Structure formats: C-alpha cells, structure tokens
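Undergrad: Fold the following and give me the result.
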Amino acid sequence: MRTNWVREKILAGQPTIGCFMGLGSPNLAELLAHAGYDWLVIETEHNALDTAQIEHMLMAINGTETIPIVRIPSAHPVFIQRALDIGGMGILVPMVKTADEAQAIVTATRYPPQGRRGWGPLRASQYTVDNEDYFNRANDNILVFLLVETKEAVENLEAIGAVPGVDVLYIGMWDLCLSMGLNPLHMPHPETDAVIERALEVGRKGDVAIGFGESTPEGLQRRQAQGFTVLGYGPDYYLLLQAARAGLEVFKRS
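TA: Okay, here's the model as predicted:
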C-alpha cells in the first residue's frame, strides 16, 4: 500500500490543494493528476457514475503520486467500504450533522479492533498480493473529509472536529446557504462568513484541518490567506467551461 502522503501533510498542518471531478473521465483524472494536484475528488453524490467508472478513474489516478478521494452519496457503510475496497485512499462524506455520525464514519473506515470495516479490499490490496501490508497500514492511511453543509453541523462543529480520525472539515457553502435560508447564488452572506471564521477557529484550536473550495485562482489565493489549509479547485467541468468560453470570447471580439 502506498503511503498517503497527503494525510501526513494535513496532520502536520501543511497546506494541500486538490481538484473536484464530476465528468467521470479516467483520461481527465489522469491529466489532472499529472498536472500536479495533491489530491483529486471523484464526485459520486451528484452524478450518475457507476462503480466500474469510479474504479477506472481510480486506476488512472493510482498510477501517479496524486491521492484519490471518493465523494460518496451518503455515510452508509456500504458506500464507504466500496470506495475504499476499489482503491480510494480517502472519502468525502456529505451531510454529516453530529459527532456520533462522524464517529460512525471513522469506524467504518477502520478494520477491527479500531473499527468495523469488513475485509475485501480486492483492488486496494493489489488483488491480494499486498494483503498483509494493506491490513497493517490501512487504518492509518485513509483520509476522512466531512462536509459541513447544514445548520445542525454548524451547531455541532467543535464536537465533530474533535472526533479522532476526522482529518478535514470541508465547508460545503452551497448547501450550507440553503440550510440557513440564504440564496447560494448571492454569496457572500454575513451569516456564512461567521461560520467560516468559527470553522477556522476550530481548526486553529484542534487537530482537524479546515477545507474550502473555489473556482478561480484569485479565490484560492484569498482562502489561503484567510487560513484554509485544504483547498479544493474546480470542479473539472467548470474549469473546462471557463476555458472554452474564454477562447470563444476572443473569437467573438475579433
């Protein structure tokens, strides 16, 4: 099992940057990995990717130094186990609201005695060639990102962040706005700005990193200056759309 060097950096308080992928293309996943991103998130919550497609994207990423993370549809242990067994080295879990939910997620990522993950990491263990090494190292090698995107999660922010094994609290700003009765198309809002400051304070005081996503280089720079150490860029389709539009605008102006 290769070392999850991104988790080591995050635990050491060092900054990392990743990109979100929603298009389901193994070629694009490989391209973004070779571009130099620390980690890549494969989106499976908001699209129609099947397990085989996810596996093919993981294969493309696993041939590089980049660490693959799977954004699963829900916190159900079946989704967690499947993402890890087929080669994911981390999970991003949506709609986590309480510390108990966070603890259950961490438990599902660990083999006994630390957790309750079932055995069957076919791809992850190189088709059983790497069984012993995988079993011995997996518990300390899996990244756990939890999305903070509801009012209830904000109310329980400190408790969720204090759960051992939770590596990153990632702010899901769009759903957070909806949960707070705010329009996500008209950000920023004073209410969500207050959540951001509180989350950063939780990160400063505790052992959890705080993550945020942006779709422009200027946005990334602003969030890094603000204190975020886990930065997400994209998603891939938005970056592609912006590049396509930029070329088109040049043509239209000529």
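Undergrad: switch to C-alpha atoms for all contacts and neighbour counts from now on
TA: Fine.
Undergrad: and Val129, how far is that from Leu122?
TA: 9 Å (CA to CA, to the nearest Å).
Undergrad: ok, the two, which is more surrounded?
TA: Leu122 (16 against 12; other CA atoms under 10 Å).
Undergrad: Name the SS class of the more buried one, please.
TA: Secondary structure for Leu122, judged by DSSP: H, G, I helix; E, B strand; the rest coil, is coil.
Undergrad: Do I have it right that it meets Ile86?
TA: Yes: between Leu122 and Ile86 a contact is recorded at 6.6 Å, counting by CA atoms under 8 Å.
Undergrad: can you give me the strands for this structure?
TA: Using DSSP state E, the strands of the chain run over residues 16-21, 39-43, 67-71, 90-93, 143-148, 168-171, 209-214, 230-233.
Undergrad: what would these look like in a markdown table with distance to Arg82?
TA: Output for these, formatted as a markdown table (distance: least, CA to CA, whole Å):
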| stretch | distance to Arg82 |
| --- | --- |
| strand 16-21 | 18 |
| strand 39-43 | 13 |
| strand 67-71 | 10 |
| strand 90-93 | 11 |
| strand 143-148 | 15 |
| strand 168-171 | 21 |
| strand 209-214 | 24 |
| strand 230-233 | 23 |
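Undergrad: wait, which of those strands is closest to Arg137?
TA: With CA to CA as the measure, strand 143-148 is the member of the strands of the chain nearest Arg137 (12.5 Å).
Undergrad: got the angle for the closest one vs strand 67-71?
TA: Per axes from the mean of the first three to the mean of the last three CA atoms, to 10 degrees, the angle that strand 143-148 makes with strand 67-71 is 40 degrees.
Undergrad: What are the buried residues along the lengthiest helix in the chain?
TA: For the chain, the helix with the greatest residue count under DSSP state H is helix 236-253. Counting neighbours by 16 or more other CA atoms under 10 Å, one finds that the buried residues in helix 236-253 are 236, 238.
Undergrad: What are the contacting residues of it?
TA: 19-23, 215 (CA atoms under 8 Å, 6 or more residues apart in numbering).
Undergrad: Would you mind putting the strands of the chain into a markdown table with mean neighbour count and mean pLDDT alongside?
TA: Rendered in a markdown table, the data for the strands of the chain read as follows (neighbours: other CA atoms under 10 Å; pLDDT from 0 to 100):
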| stretch | mean neighbour count | mean pLDDT |
| --- | --- | --- |
| strand 16-21 | 22 | 99 |
| strand 39-43 | 25 | 99 |
| strand 67-71 | 27 | 99 |
| strand 90-93 | 26 | 99 |
| strand 143-148 | 26 | 99 |
| strand 168-171 | 25 | 99 |
| strand 209-214 | 24 | 99 |
| strand 230-233 | 22 | 99 |
